[in-house]
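1. The sequence and its predicted three-dimensional model are supplied below.
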There are 2 protein chains.
Amino acid sequence: MSPAQGVHLIAELDGCERMPDVAGMEVLLRAAAAAGHARLLSVELHAFGGTGGIAGVALLAESHISVHTWPEYGYAAVDVFMCGPSADPEAALAVLVDGLAARRVRTERLTRRAGAGP
Amino acid sequence: MSPAQGVHLIAELDGCERMPDVAGMEVLLRAAAAAGHARLLSVELHAFGGTGGIAGVALLAESHISVHTWPEYGYAAVDVFMCGPSADPEAALAVLVDGLAARRVRTERLTRRAGAGP
(Lines give C-alpha, C1' and ligand atoms only; values in the text may rest on other atoms or scores of the structure.)
Protein backbone atom coordinates (compact mmCIF):
# COMPACT_ATOMS: atom_id res chain seq x y z
CA MET A 1 0.00 0.00 0.00
CA SER A 2 1.38 3.41 -0.96
CA PRO A 3 1.91 5.88 1.90
CA ALA A 4 -0.68 8.05 0.12
CA GLN A 5 -3.28 5.29 0.28
CA GLY A 6 -5.41 4.70 3.30
CA VAL A 7 -8.46 3.05 4.76
CA HIS A 8 -11.22 5.22 6.15
CA LEU A 9 -13.81 3.54 8.36
CA ILE A 10 -17.01 5.57 8.79
CA ALA A 11 -18.95 4.10 11.69
CA GLU A 12 -22.32 4.89 13.23
CA LEU A 13 -22.49 3.55 16.79
CA ASP A 14 -26.00 3.20 18.19
CA GLY A 15 -27.36 2.02 21.50
CA CYS A 16 -24.21 3.15 23.28
CA GLU A 17 -24.49 2.17 26.93
CA ARG A 18 -21.43 4.13 27.99
CA MET A 19 -20.75 7.74 27.12
CA PRO A 20 -17.35 8.69 28.55
CA ASP A 21 -16.54 12.17 29.78
CA VAL A 22 -13.62 14.08 28.29
CA ALA A 23 -11.02 12.32 30.42
CA GLY A 24 -12.47 8.91 29.61
CA MET A 25 -12.64 9.73 25.90
CA GLU A 26 -8.99 10.75 25.86
CA VAL A 27 -8.08 7.38 27.36
CA LEU A 28 -10.18 5.64 24.70
CA LEU A 29 -8.68 7.61 21.81
CA ARG A 30 -5.16 6.87 23.02
CA ALA A 31 -6.00 3.18 23.39
CA ALA A 32 -7.59 3.11 19.93
CA ALA A 33 -4.49 4.66 18.33
CA ALA A 34 -2.25 2.13 20.09
CA ALA A 35 -4.45 -0.80 19.05
CA GLY A 36 -4.29 0.44 15.46
CA HIS A 37 -0.46 0.55 15.56
CA ALA A 38 -0.63 4.28 14.95
CA ARG A 39 1.66 7.03 16.19
CA LEU A 40 -0.34 9.60 18.12
CA LEU A 41 0.57 13.23 17.44
CA SER A 42 -2.06 14.98 19.58
CA VAL A 43 -5.52 14.63 21.07
CA GLU A 44 -8.04 17.45 21.00
CA LEU A 45 -11.30 17.22 22.93
CA HIS A 46 -14.27 19.45 23.55
CA ALA A 47 -17.21 18.90 25.91
CA PHE A 48 -20.50 20.51 25.00
CA GLY A 49 -22.85 21.72 27.69
CA GLY A 50 -26.35 20.43 28.14
CA THR A 51 -26.59 16.79 27.18
CA GLY A 52 -22.88 16.08 27.63
CA GLY A 53 -21.87 15.48 24.04
CA ILE A 54 -18.17 15.37 23.23
CA ALA A 55 -16.15 16.08 20.11
CA GLY A 56 -12.72 14.51 19.96
CA VAL A 57 -9.97 14.05 17.40
CA ALA A 58 -6.73 12.13 17.66
CA LEU A 59 -4.27 13.36 15.05
CA LEU A 60 -2.03 10.51 13.92
CA ALA A 61 1.09 10.18 11.82
CA GLU A 62 -1.18 7.80 9.85
CA SER A 63 -4.11 10.35 9.59
CA HIS A 64 -6.78 10.61 12.32
CA ILE A 65 -9.47 9.16 14.55
CA SER A 66 -12.53 11.26 15.38
CA VAL A 67 -15.52 10.76 17.61
CA HIS A 68 -18.62 12.88 18.10
CA THR A 69 -21.18 11.79 20.70
CA TRP A 70 -24.86 12.53 21.25
CA PRO A 71 -25.66 10.96 24.64
CA GLU A 72 -29.33 11.92 24.28
CA TYR A 73 -29.57 9.55 21.29
CA GLY A 74 -27.09 6.94 22.54
CA TYR A 75 -25.25 7.68 19.31
CA ALA A 76 -21.65 8.30 18.32
CA ALA A 77 -20.21 9.10 14.89
CA VAL A 78 -16.74 7.60 14.63
CA ASP A 79 -14.11 7.89 11.88
CA VAL A 80 -10.89 5.94 11.71
CA PHE A 81 -8.68 7.06 8.82
CA MET A 82 -5.28 5.38 8.65
CA CYS A 83 -2.60 5.27 5.97
CA GLY A 84 0.43 3.04 5.70
CA PRO A 85 0.97 -0.70 5.59
CA SER A 86 1.22 -1.40 9.31
CA ALA A 87 -1.93 0.39 10.47
CA ASP A 88 -4.88 -1.61 11.72
CA PRO A 89 -7.96 0.66 11.59
CA GLU A 90 -10.36 -2.18 12.43
CA ALA A 91 -8.55 -2.79 15.71
CA ALA A 92 -8.76 0.92 16.54
CA LEU A 93 -12.49 0.99 15.82
CA ALA A 94 -13.04 -2.10 17.96
CA VAL A 95 -11.59 -0.26 20.97
CA LEU A 96 -14.12 2.56 20.54
CA VAL A 97 -17.07 0.21 19.97
CA ASP A 98 -16.13 -1.66 23.11
CA GLY A 99 -15.43 1.47 25.13
CA LEU A 100 -18.82 2.99 24.31
CA ALA A 101 -20.56 -0.38 24.67
CA ALA A 102 -22.33 0.15 21.37
CA ARG A 103 -25.12 -2.34 20.69
CA ARG A 104 -25.28 -1.67 16.96
CA VAL A 105 -22.53 -0.60 14.57
CA ARG A 106 -22.87 0.29 10.89
CA THR A 107 -19.51 0.66 9.19
CA GLU A 108 -18.62 1.87 5.73
CA ARG A 109 -15.08 1.15 4.56
CA LEU A 110 -13.60 3.59 2.06
CA THR A 111 -10.25 3.54 0.30
CA ARG A 112 -8.59 6.95 0.20
CA ARG A 113 -5.91 7.54 -2.38
CA ALA A 114 -4.37 9.91 -4.85
CA GLY A 115 -5.65 9.57 -8.40
CA ALA A 116 -3.48 8.84 -11.40
CA GLY A 117 -4.18 12.07 -13.26
CA PRO A 118 -2.67 15.55 -13.29
CA MET B 1 -32.41 18.03 10.12
CA SER B 2 -31.89 16.62 13.59
CA PRO B 3 -28.84 17.89 15.50
CA ALA B 4 -27.62 14.27 15.38
CA GLN B 5 -27.74 14.19 11.60
CA GLY B 6 -24.96 15.49 9.47
CA VAL B 7 -23.38 15.61 6.05
CA HIS B 8 -19.90 14.18 5.61
CA LEU B 9 -18.03 15.10 2.43
CA ILE B 10 -15.09 12.82 1.67
CA ALA B 11 -12.94 14.49 -0.97
CA GLU B 12 -9.81 13.44 -2.84
CA LEU B 13 -8.01 16.48 -4.22
CA ASP B 14 -5.53 15.74 -7.00
CA GLY B 15 -3.23 17.92 -9.06
CA CYS B 16 -2.94 20.41 -6.20
CA GLU B 17 -0.82 23.32 -7.40
CA ARG B 18 -0.52 24.91 -3.97
CA MET B 19 0.52 23.08 -0.83
CA PRO B 20 0.35 25.53 2.07
CA ASP B 21 2.69 25.35 5.02
CA VAL B 22 1.28 25.02 8.53
CA ALA B 23 0.53 28.73 8.88
CA GLY B 24 -1.16 28.83 5.49
CA MET B 25 -3.19 25.73 6.27
CA GLU B 26 -4.43 27.22 9.52
CA VAL B 27 -5.67 30.26 7.60
CA LEU B 28 -7.42 27.96 5.12
CA LEU B 29 -9.07 25.82 7.79
CA ARG B 30 -10.36 28.91 9.58
CA ALA B 31 -11.68 30.32 6.31
CA ALA B 32 -13.33 27.00 5.46
CA ALA B 33 -15.08 26.85 8.83
CA ALA B 34 -16.32 30.41 8.41
CA ALA B 35 -17.55 29.75 4.86
CA GLY B 36 -19.43 26.72 6.17
CA HIS B 37 -21.16 28.79 8.87
CA ALA B 38 -19.48 26.65 11.49
CA ARG B 39 -18.27 27.59 14.95
CA LEU B 40 -14.59 26.80 15.28
CA LEU B 41 -13.52 25.22 18.57
CA SER B 42 -9.84 24.59 17.85
CA VAL B 43 -7.32 23.95 15.09
CA GLU B 44 -4.61 21.31 15.40
CA LEU B 45 -1.83 21.04 12.83
CA HIS B 46 1.25 18.92 12.35
CA ALA B 47 3.99 19.27 9.74
CA PHE B 48 5.84 16.14 8.72
CA GLY B 49 9.47 16.28 7.75
CA GLY B 50 10.79 15.29 4.36
CA THR B 51 8.27 16.04 1.64
CA GLY B 52 6.41 18.68 3.67
CA GLY B 53 3.12 16.88 4.24
CA ILE B 54 0.71 18.35 6.74
CA ALA B 55 -2.03 16.89 8.91
CA GLY B 56 -4.64 19.32 10.15
CA VAL B 57 -7.98 19.14 11.92
CA ALA B 58 -10.41 21.91 12.75
CA LEU B 59 -12.74 20.83 15.53
CA LEU B 60 -16.16 22.46 15.11
CA ALA B 61 -19.28 22.77 17.19
CA GLU B 62 -20.83 21.16 14.07
CA SER B 63 -18.21 18.29 13.92
CA HIS B 64 -14.89 18.70 12.05
CA ILE B 65 -12.84 19.49 8.97
CA SER B 66 -9.66 17.52 8.31
CA VAL B 67 -6.94 17.74 5.71
CA HIS B 68 -3.95 15.49 5.07
CA THR B 69 -1.51 16.45 2.31
CA TRP B 70 1.06 14.55 0.26
CA PRO B 71 2.93 17.22 -1.70
CA GLU B 72 4.98 14.56 -3.50
CA TYR B 73 1.76 13.31 -5.12
CA GLY B 74 0.00 16.68 -5.40
CA TYR B 75 -2.71 15.02 -3.34
CA ALA B 76 -4.80 15.99 -0.34
CA ALA B 77 -7.42 13.94 1.50
CA VAL B 78 -10.10 16.29 2.83
CA ASP B 79 -13.10 15.59 5.07
CA VAL B 80 -15.84 18.06 5.90
CA PHE B 81 -18.30 16.68 8.45
CA MET B 82 -20.96 19.12 9.60
CA CYS B 83 -24.16 18.68 11.57
CA GLY B 84 -27.03 21.07 12.09
CA PRO B 85 -29.39 22.92 9.78
CA SER B 86 -27.33 26.05 9.14
CA ALA B 87 -24.04 24.40 8.17
CA ASP B 88 -22.82 24.58 4.59
CA PRO B 89 -20.20 21.84 4.11
CA GLU B 90 -19.99 22.38 0.34
CA ALA B 91 -18.95 26.00 0.88
CA ALA B 92 -16.27 24.88 3.35
CA LEU B 93 -14.92 22.31 0.89
CA ALA B 94 -14.84 24.91 -1.90
CA VAL B 95 -12.48 27.06 0.19
CA LEU B 96 -10.03 24.17 0.52
CA VAL B 97 -10.27 23.17 -3.15
CA ASP B 98 -9.57 26.75 -4.12
CA GLY B 99 -6.82 27.22 -1.52
CA LEU B 100 -4.93 24.14 -2.70
CA ALA B 101 -5.65 24.93 -6.36
CA ALA B 102 -6.78 21.35 -6.94
CA ARG B 103 -7.26 20.44 -10.58
CA ARG B 104 -9.38 17.36 -9.90
CA VAL B 105 -11.78 16.66 -7.05
CA ARG B 106 -13.65 13.46 -6.36
CA THR B 107 -16.25 13.88 -3.62
CA GLU B 108 -18.41 11.34 -1.86
CA ARG B 109 -21.33 12.71 0.16
CA LEU B 110 -22.44 10.64 3.13
CA THR B 111 -25.30 11.21 5.53
CA ARG B 112 -24.34 10.54 9.13
CA ARG B 113 -27.09 9.88 11.62
CA ALA B 114 -28.27 7.92 14.59
CA GLY B 115 -30.26 4.80 13.78
CA ALA B 116 -33.79 4.09 14.97
CA GLY B 117 -32.90 1.02 16.99
CA PRO B 118 -32.12 0.30 20.63
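-> Ah, there it is.
2. from here on, contacts and neighbour counts on C-alpha atoms
-> Will do.
3. which parts of stretch A:88-98 are buried?
-> A:Asp88, A:Pro89, A:Glu90, A:Ala91, A:Ala92, A:Leu93, A:Val95, A:Leu96, A:Val97 (16 or more other Cα atoms under 10 Å in any protein chain shown).
4. And for the closest residue to the last one other than its chain neighbours, the neighbour number?
-> If I follow you right, that is A:Val97. Closest residue to A:Val97 in three dimensions, ignoring its sequence neighbours and counting by Cα to Cα, 6 or more residues apart in numbering or on different chains: A:Leu13, at 7.1 Å. Residues contacting A:Leu13 under the criterion other Cα atoms under 10 Å in any protein chain shown number 25.
5. Could you tell me whether A:Leu13 really is in a strand?
-> Yes - read with DSSP: H, G, I helix; E, B strand; the rest coil, A:Leu13 is one of the residues of a strand.
6. Verify the contact between it and A:Val78 for me.
-> Yes - with contact taken as Cα atoms under 8 Å, A:Leu13 and A:Val78 are classed as touching, separated by 7.4 Å.
7. And the buried residues of stretch A:88-98, which is closest to chain B?
-> Nearest to chain B among the buried residues of stretch A:88-98, counting by Cα to the nearest Cα, is A:Val97 at 14.6 Å.
8. Which of the three states applies to the closest one?
-> Going by three-state DSSP, the secondary structure assigned to A:Val97 is helix.
9. hang on, the earlier thing: check contacts around the residue nearest to A:Val97.
-> Counting by Cα atoms under 8 Å, 6 or more residues apart in numbering or on different chains, A:Leu13 touches A:Tyr75, A:Ala76, A:Ala77, A:Val78, A:Val97, A:Ala102, A:Arg103, A:Arg104, A:Val105, A:Arg106, B:Ala114.
10. Tell me which of those residues fall in strands.
-> Secondary structure assignment (DSSP state E) places A:Tyr75, A:Ala76, A:Ala77, A:Val78, A:Arg104, A:Val105, A:Arg106 from the contacts of A:Leu13 within strands.
11. Tell me which stretches of chain A form helices.
-> A:22-35, A:89-99 (DSSP state H).
12. for the record, mean pLDDT for the shortest one?
-> Put plainly, it is helix A:89-99. The average pLDDT within helix A:89-99 is 98.
13. Now do it: distance to the chain's middle.
-> The chain centroid and the centroid of helix A:89-99 are separated by 8 Å, computed with Cα atoms, centre = their mean, to the nearest Å.
14. tell me what that helix is packed against?
-> Using 3 or more Cα pairs under 8 Å, 6 or more residues apart in numbering or on different chains; DSSP states H and E as the contact criterion, the elements in contact with helix A:89-99 are strand A:5-14, helix A:22-35, strand A:75-83.
15. Need the winner for burial among those.
-> Greatest average neighbour count among the helices and strands packed on helix A:89-99 goes to strand A:75-83 (a mean of 26), per mean count of other Cα atoms under 10 Å in any protein chain shown.
16. so it versus helix A:89-99, what angle?
-> Following axes from the mean of the first three to the mean of the last three Cα atoms, to 10 degrees, one obtains 160 degrees for the angle between strand A:75-83 and helix A:89-99.
17. Identify all contacting residues around strand A:75-83.
-> Residues from elsewhere that reach strand A:75-83 (Cα under 8 Å, 6+ apart): A:3-16, A:38, A:62-70, A:88-89, A:92-93, B:112-114.
18. Spell out which residues of chain A are next to chain B.
-> Taking Cα under 8 Å from any Cα of the partner chain as the contact definition, chain A meets chain B at A:4, A:12-15, A:41, A:44, A:46, A:55-57, A:59, A:61, A:63, A:68, A:70, A:73, A:75-77, A:103, A:112-115, A:117-118.
19. Include distance to B:Ala31 and mean pLDDT when you put the helices and strands packed on helix A:89-99 into JSON lines, please.
-> As requested, the helices and strands packed on helix A:89-99 are arranged in JSON lines below (distance: least, Cα to Cα, whole Å; pLDDT from 0 to 100):
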{"stretch": "strand A:5-14", "distance to B:Ala31": "25", "mean pLDDT": "96"}
{"stretch": "helix A:22-35", "distance to B:Ala31": "27", "mean pLDDT": "98"}
{"stretch": "strand A:75-83", "distance to B:Ala31": "23", "mean pLDDT": "97"}
